[in-house]
Structures are given as C-alpha cells and as structure tokens.
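Colleague: everything below, folded, please.
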Amino acid sequence: MAEHAGGEMADEAIARALGEELRLAREAQGLNRTELVQRMDADLSSQALANYEYGIRHCTVVRLVQICNALGVPAMDLLGLALQRAKIDLYVNNLQVDLRALAEDNQAELKPLHKWARNRLAENVDGSGIARLSQSVVEELAFLVGINRTEFIQRLLAFTPSVAPRWLWPGFG
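Modeller: Residues are numbered from 1 along each chain as shown. Sure, this is the predicted structure:
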C-alpha cells in the first residue's frame, strides 16, 4: 500500500491496531486498566494506558514489552497480530490464520484450503488451532487456490485469530 510507505497513515494504523490488541489482551485477562497498571513494574497511569489502547498515543517498544510482561503475553505475538490487523508488511511477519475458522468456511473457491486446514488441525500438537504462514507458504496456497497473492491475503485476513483465546491457552508461551 503506497500510503504505508512510511507516512503518518501507517503510524496511525499501527497505533490503532496495537491499541486494539492491547485492549483485547487486557480484557481477555479480565482486567480493567487500573488493575493492569498495578501489575506493572514500571510507572504508567491508567489514562496513558487508555491513550495507547485508543491509538491516541504511540507506544514505545520498551513500554509495549512492559505492558505485555504484566499481561503475560508475548510482545512479538501481540505486535505481529497488530501489524496483521493494520495490514502492514504481511510478508515481513508470518500471517496468522485460525485453522478452525478456515476449516469450517464454506466459500467454494477456498475449498482446497478447507481440507488443508483440517489436516493441519489434526497435526496441531499445541492445540492452538493457529497456523503461522510464511511468505512462501502464502504464495503456494494462493497458487493452489488459483487466485493472485494480494487477493488471497485479503481473503485470509478474514481468518485472523481472535487475540483473546490465544492468551488463555494452557501452557502458552
């Protein structure tokens, strides 16, 4: 996307997406902002956290790690989901796909992926139901389905996993 070349639109999209992921992770833990702030080793106000969650204030990497540590959430996973949500640099990061949702999908043009997703679920040793697709896998699957890579990625974005259940997996991390 040309607007994401490094301008303000990309910054804002990332800030909003990161805030959304932070909020979802916090809510998945059953915490309000005050409770999360109290868990943190660093000095952060509830208002500053709200500003991060709403994408009003940009979160530094150090602050992101501090918040994620307090949540017990891997910062890299949360950031990856935020970038995916913001549709930024999907090729730099592994695209995460909810295999269960994909297996249950009924779009005829994605039919080859339904069986693929069921097979991956059967092999899914951690029980997460989430597949991380590298650029090469995305390209191969797009070819298999017979649609161009860009359209394929847009279709896969409908199967982005919900962040809430991921943080609650037994043994996650």
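
Colleague: C-alpha only now, for contacts and for neighbours.
Modeller: Will do.

Colleague: so which elements touch the host helix or strand of residue 79?
Modeller: Per DSSP states H and E, residue 79 falls inside helix 75-85. Helices and strands touching helix 75-85, by 3 or more C-alpha pairs under 8 Å, 6 or more residues apart in numbering; DSSP states H and E, are helix 8-28, helix 61-71, strand 95-98.

Colleague: okay, those in a markdown table with mean neighbour count, mean pLDDT and distance to residue 123 next?
Modeller: Listed next are those as a markdown table, based on neighbours: other C-alpha atoms under 10 Å; pLDDT from 0 to 100; distance: least, C-alpha to C-alpha, whole Å:
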| stretch | mean neighbour count | mean pLDDT | distance to residue 123 |
| --- | --- | --- | --- |
| helix 8-28 | 21 | 86 | 27 |
| helix 61-71 | 17 | 95 | 29 |
| strand 95-98 | 22 | 86 | 14 |
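
Colleague: who wins for proximity to residue 41 among these?
Modeller: Residue 41 sits nearest to helix 61-71 of all the helices and strands packed on helix 75-85, at 7.6 Å, using C-alpha to C-alpha.

Colleague: element containing residue 132?
Modeller: Going by DSSP H and E, residue 132 is part of strand 130-133.

Colleague: what strands flank that strand, and is each parallel or antiparallel?
Modeller: strand 95-98 (antiparallel) (DSSP bridges).

Colleague: if we can go back for a sec, out of the helices and strands packed on helix 75-85, nearest to residue 86?
Modeller: helix 8-28 (5.6 Å).
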